[in-house]
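1. Could you work out the structure for the sequence below:
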Amino acid sequence: MHKLIMLRGNSGSGKTTVAKALQELFGRNTMVLSQDMIRRDVLKARDGIDPPALPLIRQMLEYGSEHCEVVIMEGIFIADWYRELFEAATKLYGSDIYAYYFDIPFEETVRRHQTRAKSNEFGADEMREWWKEKDYLDLIKETTITEDMSKDQIVNEIYSRVCNG
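-> Numbers count the residues shown, from 1 in each chain. Model prediction:
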């Protein structure tokens, strides 16, 4: 049975860190689809309405549904811009979607960003431009992750929930 873990939220909220930790826990045959990596590194594309990365991410999601036990999709994934992707995910994975929205305050995301290696690539001003407050999905039920939860708590909760179905 293939399962999809979706981690969404603003820049600097901890999605990538959690995705990498989950991939380590699940081990072999676990695919991570990182919106930033696909959009910025593979395609050198900007995000926005009708995002150029959407078709590639959708194809990778399809590949994962056919060949991987667990797929972890992480990124900002603004609800309106990526609706087509969420619809495709629902068709591919049905009820085996474990969706999480990182609802972390702006100031905390900036603080977390300053501890990352890529902190010199952009700063608080750019993060403010990209900020989307409480961008919850209406198509897929998401569990909210808050700033008071540690990385280990988040990872353990998600891992346990996915393993216990």
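2. Just say helix, strand or coil for the residue most central in space within the chain.
-> In the chain, the centroid-proximal residue (C-alpha atoms, centre = their mean) is E74; its distance is 1.9 Å. What DSSP: H, G, I helix; E, B strand; the rest coil gives for E74 is strand.
3. number of nearby residues for R161?
-> R161 sits with 13 neighbouring residues when counted by other C-beta atoms under 10 Å. Any C-beta I mention is one placed from the backbone N, CA and C, and that applies to glycine too.
4. re the thing from before, what pairs with the residue nearest to the centre of the chain across the strands?
-> L7, S34 (DSSP bridges).
5. does it really touch M37, like I thought?
-> No. The criterion here is C-beta atoms under 8 Å, and E74 misses it with M37 at 9.5 Å.
6. wait, what's in contact with the residue nearest to the centre of the chain?
-> By C-beta atoms under 8 Å, 6 or more residues apart in numbering, the residues touching E74 are 6-8, 15-16, 18-19, 32-35.
7. Relative to G165, which of the residues you listed is nearest.
-> In terms of C-beta to C-beta, no member of the contacts of E74 lies closer to G165 than M6, at 16.1 Å.
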